[in-house]
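1. predicted model and sequence below, questions to follow.
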Amino acid sequence: MESYDSLALHARKHEAFGRVLLAEGDHALAAQEIRIAIRRWREVAAPYEVARSRALLASALRAIADDDAADLELGVARDEFVRLGAGLDAEEAEKVMQTAAERRAAPKQIRKTFMFTDIVGSTNLAELLGNESWERLL
């Protein structure tokens, strides 16, 4: 059996490994692998594969809450799909971008807990110590 070593095979390997890591929930490591794939795809001048990997990278970045970087990667991928005439891919990227924008625009429900305490005689003690001493005491 012969072995063939090529940048395209390495790119595909890193992309596939990134997909597996993404599916397993290791989003940060998936992003690293996908970035390597993007570099390799660039080295072999495969713009469609670069764009596909960028869209995949956006998924990994969104999963680790790096929405700004995810939006950037997906926007670049969409623009490249448009340039290449890959209409279905461009439409899918646009849908994902719109969904992300709608999610960010939706109201968020946040729970906060406040605890109020009172130190017995604190008013008298604060007057006696003065503001600076009282602040240091607290």
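-> That came in fine, so what should we check first?

2. any idea how far Glu102 is from Gly85?
-> 27 Å (CB to CB, to the nearest Å). (Each C-beta comes from the backbone N, C-alpha and C, glycine too.)

3. leaving out chain neighbours, which residue sits closest to Leu61?
-> Ala70 (3.9 Å; CB to CB, 6 or more residues apart in numbering).

4. neighbours of Ala63, how many?
-> 16 (other CB atoms under 10 Å).

5. hmm, Leu29 and it touching each other?
-> No. Taking contacts as CB atoms under 8 Å, Ala63 lies outside contact range of Leu29: 11.4 Å.

6. give me the element Ala23 is part of.
-> In this assignment (DSSP states H and E), Ala23 forms part of helix 7-24.

7. which other residues reach that helix?
-> The set of residues external to helix 7-24 that reach it, using CB atoms under 8 Å, 6 or more residues apart in numbering, is 27, 29-34, 36-37, 40-41, 43-44, 46, 49, 53, 56-57, 59-60, 63.

8. show me the residues you listed that map onto strands.
-> Assigned to strands by DSSP state E, none of the contacts of helix 7-24 qualify.
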